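Colleague: Okay, predicted coordinates and the sequence, questions at the end:
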Amino acid sequence: DADGALAAARSSEARWRAGEPLGPGDGVPTSVKDIFLTRGRPTLRGSALVDTAGPWPEDAPVVARLRETGAVLLGKTTTPEFAWKGVTDSPRHGTTTNPWDAARTAGGSSGGAAVAAALGMGAWAVGSDGGGSVRIPAAFTGTVAIKATYGLVPMYPASPFGTLAHAGPITRTVPDAALALDVLTGFDSRDWAAMPTPVGSFLDGLDDGVAGLRVAFSPHLGYVRNDPEVAAAVRAAVEVLAELGAVVEEVDPGFADPVEAFHQLWFAGAAKVLEAFGEGGAERADPGLVAAIERTGPVSSSRYLGATAVRMDLGVRMGRFHETYDLLVTPTLPIPAFEAGGDVPPGWHSPDWTSWTPYTYPFNMTQQPAASVPCGRTVGGLPIGLHIVGPRHGDRLVLRAARAYEAATDWPTTVPTVAQR
């Protein structure tokens, strides 16, 4: 939206010169994932099934908050069809690749958002996260992302994936992620699960460090196999946290892989999406999405409730776990970015995107805050992500630990943080 962005930038400049900015995001160049409704602009959700004609009369809550603070909306970023998977390609927009190696995937489903942030195409990018969708591409592109506690960033309309779907920013630095959350959070009556507007700024206490925090380091959750370079980088990052004064213990949270329950919940939502387009919709949709729905099979009410029971038990387990530990740290992903063009790495043992994202989707099931922060690169130069998970409503603690690690290391960035203004 070149014309609209330039006009918004000029208006912001005038407000700053007059000493009357609308808020902390006034003038900040920002992109919005093409999942969020944007007034006057199509929201196509990566799908050829969506009619571009609209109408488009309404902003999603995150877009409304950005407008209220005067952010400069650059445009919409790419997503796989209906944000269904962990890479970003779609029938509507083709394949989004990685800025560190254009032959590799950027991850997804907020892949366009992460690439925009990684390349400095705007200071903020807003994405959604139903199974890792801001954290996965952040890990693959060397950016920072936080999936806020469910309800902290309001969502409207409700996601077809139900209460698995969160929203959050992708940025170049942790202070920018914190400042973006200041803007994106705030009660919105259109979201029946929206939390009250937070008191204070997420920048408050951001540099308080991790000294004395009880950190559980789980290198593999008890069931994941990691690429050796990923394992080494994450272990080195945890040693940095320990050197900064965190009390680190290597321990698993003690749950089995909940992937089958996640599939029941996730692909029931995906099937419902396609159902809305009537007869013939599946024939025009992403074949991978249709195949995944068919692999999961019909989801009866009994199976759905069974998956919900697994989810509730997982939430109880993690609640008890955080009575002992302030934070849980894992790799964000067990592998670095793989070749673009497929849902999984070539020759992979499974066709499901969840098979290579085992650290992310469990914490959508529990609705906990979780961030990914860069913690190094492979020998081939591909970024690796450190995953920091907090208890429900522990968003500030997650950001504080991410900032402590970031401040102690030298991840390359050339774009000044907005928070420095």
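Modeller: Thanks, I have it.
Colleague: can you give me the strands in the protein?
Modeller: Ranges of strands within the chain are 29-33, 72-77, 89-90, 94-95, 97-98, 101-105, 124-129, 144-147, 166-171, 214-217, 247-250, 327-331, 370-377, 383-389, based on DSSP state E.
Colleague: Reformat those as a markdown table; add mean pLDDT, mean neighbour count and distance to P196.
Modeller: In short, each C-beta sits where N, CA and C put it, glycine included. Listed next are those as a markdown table, based on pLDDT from 0 to 100; neighbours: other CB atoms under 10 Å; distance: least, CB to CB, whole Å:
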| stretch | mean pLDDT | mean neighbour count | distance to P196 |
| --- | --- | --- | --- |
| strand 29-33 | 98 | 27 | 24 |
| strand 72-77 | 97 | 22 | 26 |
| strand 89-90 | 96 | 28 | 36 |
| strand 94-95 | 96 | 13 | 40 |
| strand 97-98 | 97 | 24 | 38 |
| strand 101-105 | 97 | 17 | 38 |
| strand 124-129 | 98 | 30 | 21 |
| strand 144-147 | 98 | 32 | 19 |
| strand 166-171 | 97 | 31 | 17 |
| strand 214-217 | 98 | 20 | 28 |
| strand 247-250 | 98 | 15 | 32 |
| strand 327-331 | 98 | 26 | 24 |
| strand 370-377 | 97 | 27 | 21 |
| strand 383-389 | 98 | 28 | 23 |
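Colleague: Reformat the ones you listed as CSV; add distance to A53.
Modeller: Listed next are these as CSV, based on distance: least, CB to CB, whole Å:
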stretch, distance to A53
strand 29-33, 20
strand 72-77, 16
strand 89-90, 19
strand 94-95, 22
strand 97-98, 30
strand 101-105, 32
strand 124-129, 24
strand 144-147, 33
strand 166-171, 26
strand 214-217, 51
strand 247-250, 55
strand 327-331, 44
strand 370-377, 37
strand 383-389, 39
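Colleague: Check the gap between the residue nearest to V299 when sequence neighbours are not counted and A292 for me.
Modeller: Nearest residue to V299, sequence neighbours excluded (CB to CB, 6 or more residues apart in numbering): A268, at 4.1 Å. Distance, A268 to A292, by CB to CB, to the nearest Å: 12 Å.
Colleague: just L49 next, same as before
Modeller: In terms of CB to CB, L49 sits 17 Å off from A292.
Colleague: Can you show me the CA trace of the helix-or-strand element of the chain with minimal mean pLDDT as PDB?
Modeller: Ranked by mean pLDDT, DSSP states H and E, the weakest helix or strand in the chain is helix 281-284, scoring a mean of 91. Output in PDB follows, covering the C-alpha atoms of helix 281-284 (Å, rounded to 0.1, in the frame of the first residue of the first chain):
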ATOM      1  CA  GLY A 281     -13.800 -26.000  -2.400                       C
ATOM      2  CA  ALA A 282     -11.500 -28.800  -1.600                       C
ATOM      3  CA  GLU A 283     -10.700 -29.300  -5.300                       C
ATOM      4  CA  ARG A 284      -9.400 -25.700  -5.500                       C
END
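Colleague: Any idea how many residues pack against the residue nearest to V299?
Modeller: 20 (other CB atoms under 10 Å).
Colleague: Run through the residues that contact it.
Modeller: Each residue near A268 by CB atoms under 8 Å, 6 or more residues apart in numbering is listed here: 296, 299, 304.
Colleague: Ok, H93 next?
Modeller: H93 sits in contact with 46, 78, where contact means CB under 8 Å, 6+ apart.
Colleague: So what does it have for phi and psi?
Modeller: Dihedral pair for H93: phi -130, psi 0, per degrees, to the nearest 10.
Colleague: rewinding a little: list the helices and strands the least confident helix or strand of the chain packs on?
Modeller: helix 259-275 (3 or more CB pairs under 8 Å, 6 or more residues apart in numbering; DSSP states H and E).
Colleague: what comes up buried for the helix it packs on?
Modeller: Residues 259, 261-271, 273-274 are the ones in helix 259-275 that count as buried (16 or more other CB atoms under 10 Å).
Colleague: got the residues you listed as JSON lines, with pLDDT and distance to D208 columns?
Modeller: JSON lines is the format used below for the buried residues of helix 259-275 (pLDDT from 0 to 100; distance: CB to CB, whole Å):
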{"residue": "V259", "pLDDT": "98", "distance to D208": "36"}
{"residue": "A261", "pLDDT": "98", "distance to D208": "36"}
{"residue": "F262", "pLDDT": "98", "distance to D208": "34"}
{"residue": "H263", "pLDDT": "97", "distance to D208": "39"}
{"residue": "Q264", "pLDDT": "97", "distance to D208": "40"}
{"residue": "L265", "pLDDT": "97", "distance to D208": "36"}
{"residue": "W266", "pLDDT": "97", "distance to D208": "36"}
{"residue": "F267", "pLDDT": "96", "distance to D208": "41"}
{"residue": "A268", "pLDDT": "96", "distance to D208": "42"}
{"residue": "G269", "pLDDT": "95", "distance to D208": "38"}
{"residue": "A270", "pLDDT": "96", "distance to D208": "41"}
{"residue": "A271", "pLDDT": "95", "distance to D208": "45"}
{"residue": "V273", "pLDDT": "94", "distance to D208": "42"}
{"residue": "L274", "pLDDT": "94", "distance to D208": "47"}
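Colleague: export the residues you listed to CSV and tack on distance to A211?
Modeller: Formatted as CSV, those follow (distance: CB to CB, whole Å):
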residue, distance to A211
V259, 36
A261, 37
F262, 36
H263, 41
Q264, 42
L265, 39
W266, 39
F267, 44
A268, 44
G269, 42
A270, 44
A271, 48
V273, 46
L274, 50
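Colleague: Thank you, goodbye.
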